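Colleague: here is my input, please return the structure:
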Amino acid sequence: MANAVVIGPIVWIGAVVVVGALVAFVVAARRARRKGDPSPIVSVTLTISAFWAALSLLGAAITTLSILQPDFTVTVPVREFWPQLPDGTQIDGPTAEIVGGGFTSAELRASGLSSSVRVTWAIGQALTALIPGTIAALIAVACFQLLAGRAFAPVVSRAAAATAAVVAVGGVAAEVLNDIAGNLAASELLGLSGGRYKEVAGIEDVFAAWLPQPGFGIEFPLWPIAAGLAFTALAAIFRYGSRLQRDTEGLV
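Modeller: Numbering: from 1, shown residues only. Below you'll find the predicted structure:
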């Protein structure tokens with residue numbers, strides 16, 4: 001209960017910041033439109049992307065603060081699993097038969113997980129939320145500069161370069177950290193060291209038949225690197241455009 005008391009005001013403050021940022025960008029967009037908006041869609045895109053960026057930042061903050069809660073939701077890997085029913089069980093309804101396969105991950109609300117799981121999961125989830133927010137912020141900056149008549153302003157190329165770094169490094173780190181946290185959580189939640197059960201007809205191992213076993217796996221994604229290279233190329237394009245704009249202004 002104490003944690004909820006602490007987090008509650010922070011969420012409200014963050015919400016106020018999000019609304020304030022949205023209002024500020026709407027006002028700036030209207031002012032820019034009076035100066036000659038090249039297209040109404042630019043103002044709409046500016047507003048939406050600014051709201052998206054602020055909302056992503058708020059979501060990342062809330063996710064990070066979730067480690068203060070007694071329990072939280074975490075995705076854990078499991079060995080391919082499907083529960084086995086005892087001999088003689090009769091069920092009605094299915095019109096097809098499962099002959100193999102099963103689920104390999106589960107989203108669980110857990111309590112009592114170690115600090116290493118909490119911190120790793122919180123960082124991974126926060127990065128996951130920040131990546132689309134960073135892209136949205138870049139779009140907002142580009143639209144704002146376009147409305148102000150500075151389409152190739154140096155700040156746009158710098159924002160694109162920063163976005164490239166966040167997407168490439170943050171994207172890989174987010175997925176790896178999420179996988180590590182999930183592996184640790186699976187071990188803590190599902191790893192059995194012993195147990196007893198009564199004999200069940202047709203079930204050789206009740207634990208294997210009814211309880212999923214912890215899985216393990218870490219994926220190294222390549223898409224963030226490819227996306228980062230794309231944003232790096234975009235930053236180079238804006239730098240080149242900025243130089244051309246300066247040269248053109250010098251000739252006038």
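Colleague: give me the packing partners of the helix or strand where Phe51 lies, helices and strands only.
Modeller: Phe51 belongs to helix 40-65 when assigned by DSSP states H and E. If contacts are counted by 3 or more C-beta pairs under 8 Å, 6 or more residues apart in numbering; DSSP states H and E, helix 40-65 sits against helix 2-36, helix 115-147. The C-beta positions use only the backbone N, C-alpha and C, and glycine is treated the same way.
Colleague: could you identify which of those helices has the lowest mean pLDDT?
Modeller: For the helices and strands packed on helix 40-65, mean pLDDT drops lowest on helix 2-36, to a mean of 54.
Colleague: Thr232 and Ala162 touch, don't they?
Modeller: No. The pair Thr232 and Ala162 fails to qualify as a contact (C-beta atoms under 8 Å) at a distance of 10.6 Å.
Colleague: tilt between the helix holding Phe51 and helix 115-147?
Modeller: 160 degrees (axes from the mean of the first three to the mean of the last three C-alpha atoms, to 10 degrees).
Colleague: what helices or strands is the helix or strand hosting Arg239 leaning on?
Modeller: If you go by DSSP H and E, Arg239 is part of helix 223-251. Contact here means 3+ C-beta pairs under 8 Å, 6+ apart; on that basis helix 223-251 packs against helix 154-165, helix 171-190.
Colleague: dump the C-alpha coordinates for the next helix or strand after the longest one into PDB.
Modeller: Beyond helix 171-190 on the C-terminal side, the first helix or strand identified by DSSP H and E is helix 206-210. The C-alpha coordinates for helix 206-210 follow below in PDB (Å, rounded to 0.1, in the frame of the first residue of the first chain):
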ATOM      1  CA  VAL A 206       2.600 -35.400 -12.600                       C
ATOM      2  CA  PHE A 207       5.100 -32.500 -12.500                       C
ATOM      3  CA  ALA A 208       6.000 -33.000 -16.100                       C
ATOM      4  CA  ALA A 209       2.300 -33.400 -17.100                       C
ATOM      5  CA  TRP A 210       0.900 -30.500 -15.300                       C
END
